[in-house]
Every structure is written in structure tokens, then in C-alpha cells.
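In: with the input below, show me the fold.
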Amino acid sequence: MYNGEKIRSLLYEQGKKPTDLAEYVFKNGHRAITPLITGNPTAETLENVADFFKVSTEVFFKRQVLLENGESDSSAQIPYIDLIVSAKDELNKTLKEQNTLLTKEKKNLQRENKELKQQLEDAKKLIENLRKS
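Out: Below you'll find the predicted structure:
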């Protein structure tokens, strides 16, 4: 079954622009790639798309792969699985970095708070001593 969503995935992965793809494939000034994604392109058009991305035309077809145990490989059915996993890993890394920074900032604020409390106590004692004298 044709998987036009793979075009979006390749555009993202390779950092290419949809307009560049449309110009390469259609060569007639047509700028929309929606027909390539949602439609049923001809073999010639699909070959041009594959050439643009430097991939085989096979990548544009979903196949349900049967494993030796008779179960299907669901990852073959999810067009963005690699992107999703990569984005999740990057997000986890960013969250860990932010957590580390926030933990350090919390410790700094606690230290400053302790110092300010001590300064306040010292100021109170000084005022009390001044009143007595």
C-alpha cells in the first residue's frame, strides 16, 4: 500500500523544502506536494520523488512484515516511529539538563535564604543592643 506520509518524513529527516520537491518532480511550476502525499502518483512521478530523496521507491510503500512467529511487525506500519523515538530521546535529554539546572538553582536559593535569615537575625540583635545602650 502506498505511504505518502513517508514523503513528509523524508523532507524532515533530510531538511529539504516541500517547494523544492514540487519543483523537482513536477517541473511545471506546480508548488503543492499534497497530491504526492494523499494521492496515488504514477510510477514515473514516484521515481522522480525517490530520485529527489536519493532513496528506493520501495520506501514509499507500507508492508506488514510477518515475523517467524506469525506476528506482524507493527513498526513497519508506523511511518514516523524513528522520528518519534528520536524526538522522545532528545526531549528526555533536555528535561534531564533542565532538572539539573533547576536543582542547582534551588540549592543556591536555599543557601541565599539561609544567609539572609542570618543577616536578619544579626540585624535584630544589633538593633536590640542599640536600644539597650
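In: quickly list the domain ranges of the chain.
Out: In terms of domains, the chain is parsed into 5-79, 81-133 (source: automatic domain parsing).
In: CSV for the ones you listed, including mean pLDDT and mean neighbour count?
Out: Bear in mind the C-beta positions are built from the backbone N, C-alpha and C, glycine included. Below are the domains of the chain laid out as CSV (pLDDT from 0 to 100; neighbours: other Cβ atoms under 10 Å):
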stretch, mean pLDDT, mean neighbour count
domain 5-79, 80, 13
domain 81-133, 92, 10
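In: just give the closest residue to Asn48, not the sequence neighbours.
Out: Of all residues not flanking Asn48 in the chain, Val25 sits nearest, at 4.6 Å (Cβ to Cβ, 6 or more residues apart in numbering).
In: which residues touch the most centrally placed residue in the chain?
Out: Geometric centre of the chain, nearest residue: Ala87, 3.4 Å, by Cα atoms, centre = their mean. Contact analysis of Ala87 by Cβ atoms under 8 Å, 6 or more residues apart in numbering lists nothing.
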